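*Asks:* Whatever this is, show me its structure:
(one chain, ligands or ions: 1)
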Amino acid sequence: MIFNNIEKLPQEKLQKMQLDRLNTQLNTVYNNCPLYKKRFDQNNVDPNITKIEDLAKFPILTDEIIIENTVKNKDVFGGRQNIIEDAIWKLFSNDKFPYVEGSPFFYGYSQNDFKSEIDILKRMLFGTGIRQGDFVHAIILGMDPITYSVYQAALKLGCRFLGGLAVEIDIPRIVDSMRLKPNCLITPFAMLMAASKHAKKAGFDESTHFLNYQKVLVHDIIWETRRAEKLQRKGWKNAEFFNLRKINIPGFYACECEKHDGLHYPQDSFIAEIVDPENPKELVAEGERGQLLVTNITREASPCIRYTPPRPLFASKHLEICDCGRTIARLKFLK
Ligand SMILES: [Zn+2]
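*Replies:* Have a look, this model is predicted:
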């Protein structure tokens, strides 16, 4: 069963939707955001485009560029504020972003931005097989938006929710709370390993302590089968492991479905380009390895156009229908 109709639209329709949304977004940011107006003009690109591939002519956005604009203009959005201040509902600082004294840096969220992010995560959780009545244990990072959104997404699916904080001091509590028998876990990889280590140290029988987990969504690393096998030997015997990726622009998540053949990403909200790392104006062919660039096409508050994280991500893109029945594209993250 496929949860959301968008996930089974033919690629042609999905890409038409992307082009319409991209055109609207490029025009909106050109008219509202000083950063984009300046950079589009400098690169002599017209925000009205006729095909998605034209996006490759636009300049790349890096953290360095946002920092420069944040500091120079004392602008917390680094020139990317796209809607009026009053419509920005929440601000989140980016913990991966270097702090520049006197120039705080934030991502803004409108009401619609949050709704969209929650909907995306709800789809991802459903895609892994998490359903109403499941008990989701999420080990999450402080004020990171995923904290709020994953909680809302799980509740909207009708799940029970147990939170834990991804800091070392919280590990004993996280391991103790596993006695409540949550059956799904969302966690950064490092915390998964720390929990396993602590359980052993605290005298828990690992071969039984982790048995209740059926779905384990691991983020922040490239997941490999050998890692799952190692953990299954430690006691996660009933667990099916999923790779959930998030990059440090709000709302971009990609997650494996139950077929484990690449990570579906929200093609209706993002454009994921795979480019030649030496020449970002050159797209690589479908299925080939290249650098991942991400563009928000629905985000209202502080969108990113052709963003690359400080440590570039490498991936291949796959548009053929997945064995799960979803038509929505997949990424395979590569080293
Ligand atoms: Zn699939």
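*Asks:* residues in contact with the residue of the stretch 1-150 of the chain found nearest the ion?
*Replies:* Going by CB to the ion, the ion is nearest to residue 127 of the stretch 1-150 of the chain, at 6.9 Å. For the C-beta atoms, the positions are set from N, CA and C on the backbone; glycine is no exception. The contact partners of residue 127, by CB atoms under 8 Å, 6 or more residues apart in numbering, come to 3, 7, 255, 256, 257, 258, 264, 324, 326.
*Asks:* quick one, strands of the protein?
*Replies:* Using DSSP state E, the strands found in the chain span residues 90-93, 106-109, 135-140, 160-165, 184-188, 215-219, 240-246, 253-256, 263-264, 270-276, 279-283, 290-296, 314-318, 330-334.
*Asks:* Output those in a markdown table, with distance to the ion and mean pLDDT appended to each entry.
*Replies:* As requested, the strands of the chain are exported to a markdown table (distance: least, CB to the ion, whole Å; pLDDT from 0 to 100):
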| stretch | distance to the ion | mean pLDDT |
| --- | --- | --- |
| strand 90-93 | 30 | 68 |
| strand 106-109 | 28 | 83 |
| strand 135-140 | 20 | 90 |
| strand 160-165 | 25 | 89 |
| strand 184-188 | 18 | 92 |
| strand 215-219 | 15 | 92 |
| strand 240-246 | 11 | 91 |
| strand 253-256 | 8 | 94 |
| strand 263-264 | 6 | 96 |
| strand 270-276 | 16 | 97 |
| strand 279-283 | 23 | 96 |
| strand 290-296 | 19 | 96 |
| strand 314-318 | 10 | 97 |
| strand 330-334 | 7 | 95 |
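*Asks:* Residue 207: which of those is closest?
*Replies:* Residue 207 sits nearest to strand 215-219 of all the strands of the chain, at 16.2 Å, using CB to CB.
*Asks:* Quick one: distance of the closest one to the chain centre.
*Replies:* Centroid separation for strand 215-219 versus its chain: 13 Å, with CA atoms, centre = their mean, to the nearest Å.
*Asks:* which helices and strands does it pack with?
*Replies:* Taking 3 or more CB pairs under 8 Å, 6 or more residues apart in numbering; DSSP states H and E as contact, the helices and strands that strand 215-219 lies on are strand 184-188, helix 189-201, strand 240-246.
*Asks:* now residue 13: how far from residue 184?
*Replies:* Plainly put, residue 13 is 32 Å away from residue 184 if you go by CB to CB, to the nearest Å.
*Asks:* Compare neighbour counts for these two and give me the winner.
*Replies:* residue 184 (27 against 11; other CB atoms under 10 Å).
*Asks:* List buried residues within the contacts of residue 127.
*Replies:* Buried subset of the contacts of residue 127 (neighbour count, 16 or more other CB atoms under 10 Å): 3, 7, 255, 256, 257, 264, 324, 326.
*Asks:* and those residues, which two are the farthest apart?
*Replies:* 3 and 256 (15.0 Å).
*Asks:* now the end-to-end length of stretch 170-187.
*Replies:* When the termini of stretch 170-187 are compared using CA to CA, to the nearest Å, they are 13 Å apart.
*Asks:* Let me see the residues that make contact with that stretch.
*Replies:* Residues outside stretch 170-187 that contact it (CB under 8 Å, 6+ apart): 125, 130, 134-140, 150, 159-160, 162, 164, 166, 191-192, 194-195, 198-199, 202, 204, 209-210, 212-219, 239, 244.
*Asks:* which of the residues you listed are buried?
*Replies:* Here, 16+ other CB under 10 Å leaves 125, 130, 134-140, 150, 159, 162, 164, 166, 191-192, 194-195, 198-199, 204, 209-210, 212-219, 239, 244 buried among the contacts of stretch 170-187.
*Asks:* Surely residue 106 and residue 91 touch.
*Replies:* Yes. Residue 106 is within contact range of residue 91, at 4.3 Å (criterion: CB atoms under 8 Å).
*Asks:* Name the residues contacting each of these two.
*Replies:* Counting by CB under 8 Å, 6+ apart, the shared contacts of residue 106 and residue 91 are residue 76.
*Asks:* how many other residues sit next to residue 91?
*Replies:* Neighbours of residue 91 (other CB under 10 Å): 16.
*Asks:* dump the residue contacts of it.
*Replies:* Taking CB under 8 Å, 6+ apart, we find residue 91 in contact with 76, 106, 107, 108, 109.
*Asks:* hey, what's residue 165 bridged with?
*Replies:* Beta-bridge partners for residue 165, by DSSP bridges, are residue 140.
*Asks:* got any ranges where the stretch 101-250 of the chain has weak pLDDT?
*Replies:* Scanning the stretch 101-250 of the chain for pLDDT under 70 picks out 101-104, 141-146, 248-250.
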